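Enquirer: Requesting a structural model of the entry that follows:
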Amino acid sequence: MIRPRAGVAFSLAAQGDQRHDLAARAGFASELGVPFDWAVVHQVHGQRVVEVDEAGEFGEADALFTLRPGLPIAVFTADCAAVVLGASSAVGVAHAGWRGAAAGVVPTLAKAMERAGAVPRWAAIGPAIGPCCFEVGPEVAVQFPENVASTSWGTTSVDLPGVVAGQLGDLELWQARVCTFDNLGCFSHRRNSALERMAAVAWLPK
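Expert: Numbers count the residues shown, from 1 in each chain. Below you'll find the model as predicted:
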């Protein structure tokens, strides 16, 4: 796992399938010292954000935040970027694939937290497919003209973590800089159609 700061953790393949395998999730939660019951959403590659104050699933959305200390909130990924935003009184998580990034899910989360009185001060971007491997067609590349790159095999790609980083303004930023496609320690849907998912879990320490 990767733990960049207190109240933030990104699982890797070694922690198992965090979306479907509840035993794996319980083990990961135990390692983190947080409750097994998390607040999650049904991810749909959009920009909807929900505020939560208890564990459970909160419908179709791609970001959630909480002001309740000790409540773990999570999104699940296997190439998309997982982004955590932190404030003194709140924490939020977002699932940002290229569609979510284009829709602005991360800045939408930041604005929702601000409206709740919790202005984000820092952000963390977990493992995600990198520009070395995120091959895209022109219909995707045209949406991110400042983040077009080339794969290691010479085709057009997009720097997805770079897109997200560029949407975070001047927040204090930590990045995993781990490409899920290239790193066999991560689940990757692009690499082998993996159905398993890693988790980005965040909580306000009590």
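
Enquirer: ok, which stretches of this structure are helices?
Expert: For the chain, the helices defined by DSSP state H occupy 22-32, 98-103, 105-115, 138-141, 160-166, 189-192.

Enquirer: helices and strands around the last one, which ones?
Expert: If I follow you right, that is helix 189-192. Packed against helix 189-192, as judged by 3 or more CB pairs under 8 Å, 6 or more residues apart in numbering; DSSP states H and E, are no other helices or strands. To be clear about C-beta, it is placed using only N, CA and C from the backbone, and glycine gets the same treatment.

Enquirer: That helix: which residues count as buried?
Expert: Under the neighbour-count criterion of 16 or more other CB atoms under 10 Å, helix 189-192 has 189, 191 buried.

Enquirer: Tell me which residues are up against that helix.
Expert: 78-79, 129, 133-134, 180-181, 195 (CB atoms under 8 Å, 6 or more residues apart in numbering).

Enquirer: quick one on the thing from earlier: any chance of the helices of the chain in a markdown table, plus distance to residue 69 and mean pLDDT?
Expert: Output for the helices of the chain, formatted as a markdown table (distance: least, CB to CB, whole Å; pLDDT from 0 to 100):
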| stretch | distance to residue 69 | mean pLDDT |
| --- | --- | --- |
| helix 22-32 | 15 | 96 |
| helix 98-103 | 27 | 96 |
| helix 105-115 | 15 | 98 |
| helix 138-141 | 39 | 96 |
| helix 160-166 | 26 | 97 |
| helix 189-192 | 34 | 95 |
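
Enquirer: before we move on, back to that, of the contacts of helix 189-192, buried ones?
Expert: 78-79, 129, 133-134, 180-181.

Enquirer: among those residues, which are in strands?
Expert: Per DSSP state E, strands hold no members of the buried ones among the contacts of helix 189-192.

Enquirer: I'd like the helices of the chain laid out as a markdown table, including distance to residue 172.
Expert: A markdown table is the format used below for these (distance: least, CB to CB, whole Å):
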| stretch | distance to residue 172 |
| --- | --- |
| helix 22-32 | 22 |
| helix 98-103 | 20 |
| helix 105-115 | 13 |
| helix 138-141 | 29 |
| helix 160-166 | 12 |
| helix 189-192 | 30 |
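
Enquirer: Residue 119 contacts residue 87, doesn't it?
Expert: Yes - taking CB atoms under 8 Å as the definition, residue 119 is a contact partner of residue 87 at 5.7 Å.

Enquirer: Who has more neighbours out of the two?
Expert: Neighbours were tallied for residue 119 and for residue 87 using other CB atoms under 10 Å; the higher tally belongs to residue 87 (20 against 15).

Enquirer: neighbours of the residue lying closest to that one once chain neighbours are set aside, just the number please.
Expert: Once flanking residues are discounted, residue 87 sits nearest to residue 118: 3.9 Å by CB to CB, 6 or more residues apart in numbering. Residue 118: 23 surrounding residues under other CB under 10 Å.

Enquirer: cool, the one 3 residues further on as well?
Expert: For residue 121, the count of nearby residues is 11 (other CB under 10 Å).

Enquirer: Leaving aside the residues adjacent along the chain, what's closest to the spatially most central residue of the chain?
Expert: Centroid-nearest residue in the chain: residue 82, 1.1 Å away (criterion: CA atoms, centre = their mean). Nearest non-adjacent residue to residue 82, counting by CB to CB, 6+ apart: residue 200, 3.3 Å away.

Enquirer: Much appreciated, bye for now.
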